[in-house]
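Student: Let me see the structure of the following:
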Amino acid sequence: MEKYNVREYIDLLKEENILSKTIKCENILDKEVNLVSYNSKEVEENTLFIVKGVLFKDEYLKEAIDNGVFVYVSEKEFNVDIPCILVSDIRKALSCMSAMYFNYPGEKINIIGVGGTKGKSTTTYYIKSVLDEYSKAIGKKDTAVLSSIDTYDGVENFESHITTPESYDIHKHFFNALNSGMENVVMEVSSQALKIERVSDVFFDIGIFMNISEDHISEIEHPTFEDYYNSKLKMFKNTKNAIVNLDADLALNTLAVARRDSARAFTFSMKTKDADFYAYDIKKDGFNTIFKVHTPTYDEEFKLTMPGLFNVENALATIAATYLMDVPVKYIKRGLEIARSSGRMEVFHTKDMKIIVLVDYAHNKLSFEKLFSSVKEEYPERRIVSIFGCPGKKALLRRKDLGIIAGQNSDFVYIVAEDPGAEPVIDISNDIAKYVKQYTNNYALIEERGEAIEDAILNAEKEEKPTIILLTGKGRETRQKYGNDYLPCISDVEYTEKFLEEYDKRHN
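Tutor: Next up, the predicted model:
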């Protein structure tokens, strides 16, 4: 990997118009930087260190200096005796310097970004499935993915903590993917990542805007819906080919921005034939969904084996994206047919089919609305039991929205822990419950998710009517956030399989 010296990094900051001044740098301008890092515990000899975070302490920098840092970049000067590069925007600095340090790997790989309130994860994995099918057929490597579920770049493969990584880590993953022989990476792009410059040096070959609905409105995220929406729109400034959902709220405004800021803009829809890609003749066939799609050059029938009528929307976005990437239709068909998104719309059931458990990551107003609407249409004869919670100290509107939707549409509601962080679970649950009980008194507050899942299955067993249990928010995640720590936990899927198996044993 090509290395750069201090002068070249300073010149970059000048070009970005964020360099404030340099302090004691005269004698190190030609010194080669061996490593750029923002983690004080991950430094080595000849490291250029980027000071990020309002809680960063002098002792962190002193520790890093002891381990090899010889110059630091910051928005303020620290009481240490090494050269300093002061900047006006540390997040922009971290982004552009990271891209440079990793030799701009994003310029040498196809990047597909998926934004929106709902459907990012599923669409990301649908696209990966299609691209993987095509790559396998032509003897190329599979597709890297950066999502709220998993991160995979050909070198690293792990369960994700956040939707879009820090800018440094994004470019590291691009670098790993490129050096693993991969040609494509598909990633979720969150509003926070766009707002705080994590993707300011990421240029999307394809940028998809799925939809918009109120979410992530809080003091620590987006103060208003306008801020949330406008943050999402920033993706188009770095996009070559924009793809916009015409069925979404504010679609015409979104499309206007896409046409203004992107090189080209395309549309998809389940409702109007005015779109470049539109679906029609949508029907259910057991757990499968069959639908036809009109594209600029062909009309074809597609099949999804992953349940949920709303997934046709995610499939349309996938078809549009992979069509623009010149993927032959037979691989698009095959990729969608076998596509799965871990923890998304996973269906489990007892052998007698009396109890169905649908595990999904649905966690905001739009995803809840679409989930309940789809379930009522696909399983009209079943009781609906919902199990969910809300995170601590953020996205506070969810408590009202999810409480109301679940209360209106469920025969019974369990309110459980869901990454409470530093906030007491009982406080979060009581906040949700005050909205649930406006519509039903059939609810329970049970912190432990496993206990709630077991109770829901046991009670469904006693009912005459068949039941579908909607288990949302955590999917296959194996960590739960309490305080500042992610603690190991049993996944919703594992609990579901355990208690359904117990039911089957009793009813053999």
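Student: how about A320, what does it touch?
Tutor: 208, 243, 266, 268, 276-277, 295 (Cβ atoms under 8 Å, 6 or more residues apart in numbering). Using the backbone N, CA and C atoms, a C-beta is placed for each residue, glycine as well.
Student: ok, which pair from the residues you listed is furthest apart?
Tutor: Among these, the pair separated by the greatest distance (Cβ to Cβ) is I208 and T295, at 15.6 Å.
Student: of the two, who's got more company?
Tutor: Higher neighbour count among I208 and T295: I208, with 31 against 17, using other Cβ atoms under 10 Å.
Student: what pairs with that one across the strands?
Tutor: Beta-bridge partners of I208, counted by DSSP bridges, are V114, I243.
Student: Would you agree it is in contact with T123?
Tutor: Yes: counting by Cβ atoms under 8 Å, I208 does reach T123; the two are 6.6 Å apart.
Student: who touches both of these two?
Tutor: Common neighbours of I208 and T123, counting by Cβ under 8 Å, 6+ apart, are 114, 317.
Student: Which positions within the host helix or strand of I404 qualify as buried?
Tutor: Element membership for I404, per DSSP states H and E: helix 397-409. Neighbour counts over helix 397-409 (16 or more other Cβ atoms under 10 Å) mark 397-407, 409 as buried.
Student: hmm, back to that, of the contacts of A320, buried ones?
Tutor: 208, 243, 266, 268, 276-277, 295.
Student: follow-up on the earlier one: of the contacts of A320, which belong to strands?
Tutor: Under the assignment DSSP state E, the contacts of A320 contribute 208, 243, 266, 268, 277 to strands.
Student: quick check, nearest of these to G421?
Tutor: Of the ones in strands among the contacts of A320, the one sitting nearest to G421 (Cβ to Cβ) turns out to be I208, at 29.8 Å.
Student: for the closest one, what are its contacts?
Tutor: 112-116, 123, 242-243, 317, 320-321.
Student: which residues touch A321?
Tutor: Going by Cβ under 8 Å, 6+ apart, A321 touches 112, 127, 206, 208, 243.
Student: any idea which element it lies in?
Tutor: Short version, using DSSP H and E: A321 is in helix 311-324.
Student: got the contact list for the helix or strand following that helix?
Tutor: Following helix 311-324 in sequence order, the next helix or strand is helix 329-338 (DSSP H and E). Residues outside helix 329-338 that contact it (Cβ under 8 Å, 6+ apart): 126, 129-134, 137, 298, 300, 302-305, 315, 318-319, 322-323.
Student: buried residues in helix 329-338?
Tutor: 329, 331-337.
Student: ok, back up a step: list the buried ones in the helix holding A321?
Tutor: Buried residues in helix 311-324 (16+ other Cβ under 10 Å): 311-324.
Student: Would you indicate which residues of stretch 160-177 are buried?
Tutor: Quick answer for stretch 160-177 (16+ other Cβ under 10 Å): 160, 163-177.
Student: Stretch 477-486 too?
Tutor: Applying 16+ other Cβ under 10 Å to stretch 477-486 flags 477-478, 480-482 as buried.
Student: Now G403: closest residue in space, sequence neighbours ignored.
Tutor: Taking Cβ to Cβ, 6 or more residues apart in numbering, and ignoring the residues beside it in sequence, G403 has Y435 as its nearest neighbour in space, at 2.9 Å.
Student: Let me know whether my guess that the one you found is in a strand holds.
Tutor: No: with DSSP: H, G, I helix; E, B strand; the rest coil as the criterion, Y435 is helix rather than part of a strand.
Student: Quick check: it vs F368, distance?
Tutor: Using Cβ to Cβ, to the nearest Å, we find Y435 at a distance of 12 Å from F368.
Student: what do you get for S191?
Tutor: Following Cβ to Cβ, the distance that separates S191 from F368 is 18 Å.
Student: Same check on L445?
Tutor: Here L445 is placed at a distance of 19 Å from F368 (Cβ to Cβ).
Student: Could you identify the helix or strand that succeeds the biggest helix by length in the chain?
Tutor: Criterion DSSP state H: the longest helix present in the chain is helix 120-137. Using DSSP H and E, the helix or strand that follows helix 120-137 in sequence is strand 144-146.
Student: so what strands line up beside that following strand?
Tutor: Sheet pairing for strand 144-146, assigned by DSSP bridges, gives strand 150-152 (antiparallel), strand 184-188 (parallel).
Student: can you redo those as CSV with distance to D455, mean pLDDT and mean neighbour count?
Tutor: Output for the strands paired with strand 144-146, formatted as CSV (distance: least, Cβ to Cβ, whole Å; pLDDT from 0 to 100; neighbours: other Cβ atoms under 10 Å):
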stretch, distance to D455, mean pLDDT, mean neighbour count
strand 150-152, 30, 95, 20
strand 184-188, 33, 97, 26
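Student: May I see the ones you listed organised as a markdown table, with distance to T440 added?
Tutor: Below are the strands paired with strand 144-146 laid out as a markdown table (distance: least, Cβ to Cβ, whole Å):
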| stretch | distance to T440 |
| --- | --- |
| strand 150-152 | 36 |
| strand 184-188 | 34 |
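Student: Let me know which of those strands is the nearest to L29.
Tutor: It's strand 184-188; of the strands paired with strand 144-146, that one is closest to L29 (Cβ to Cβ) at 34.4 Å.
Student: need the next SSE after that closest one, C-terminal direction.
Tutor: Downstream of strand 184-188, the next assigned helix or strand under DSSP H and E is helix 191-195.
Student: Quick check: which ranges of this protein have low pLDDT?
Tutor: Low-confidence segments of the chain (pLDDT under 70): 214-217, 219-220.
Student: Phi first, then psi, for the residue lying farthest from the centre of it.
Tutor: In the chain, the residue that sits farthest from the middle, by Cα atoms, centre = their mean, is N27; the gap is 44.1 Å. Phi and psi for N27, reported as degrees, to the nearest 10, are phi -90, psi 0.
Student: Also Y72?
Tutor: Taking degrees, to the nearest 10 as the convention, Y72 sits at phi -130, psi 150.
Student: How about the contacts made by it?
Tutor: 48-51, 61, 64, 78, 80, 82-85.
Student: Name the nearest residue to S74, ignoring sequence neighbours.
Tutor: V51 (3.9 Å).
Student: now swap in N34 and tell me
Tutor: N46 (3.9 Å).
Student: swap in G473?
Tutor: In space, and not counting its chain neighbours, G473 is closest to E418: 4.6 Å by Cβ to Cβ, 6+ apart.
Student: On the three-state scheme, the one you found is what?
Tutor: coil.
Student: Distance-wise, check it relative to F499.
Tutor: Using Cβ to Cβ, one gets 19 Å for the distance from E418 to F499.
Student: Neighbour count: these two, which is higher?
Tutor: Between E418 and F499, counting by other Cβ under 10 Å, E418 is the more crowded of the two (25 against 22).
Student: Quick check: the more buried one touching P391?
Tutor: Yes: the criterion here is Cβ under 8 Å, and E418 meets it with P391 at 6.0 Å.
Student: circling back: so what does the longest helix of the chain touch, helix or strand wise?
Tutor: If you count contacts as 3 or more Cβ pairs under 8 Å, 6 or more residues apart in numbering; DSSP states H and E, helix 120-137 packs onto strand 110-115, strand 144-146, strand 184-188, helix 311-324, helix 329-338.
Student: count of neighbours near D431?
Tutor: 17.
Student: now swap in Y503 and tell me
Tutor: By other Cβ under 10 Å, neighbour count at Y503 equals 18.
Student: quick one: contacts for it?
Tutor: Counting by Cβ under 8 Å, 6+ apart, Y503 makes contact with 350, 355, 457, 461.
Student: Could you identify which of these has the most neighbours?
Tutor: I355 (26 neighbours).
Student: before we move on, which element is D281 in?
Tutor: Per DSSP H and E: D281 is located in strand 277-285.
Student: Now do that strand: distance to the chain's middle.
Tutor: Strand 277-285 sits 26 Å away from the centroid of its parent chain (Cα atoms, centre = their mean, to the nearest Å).
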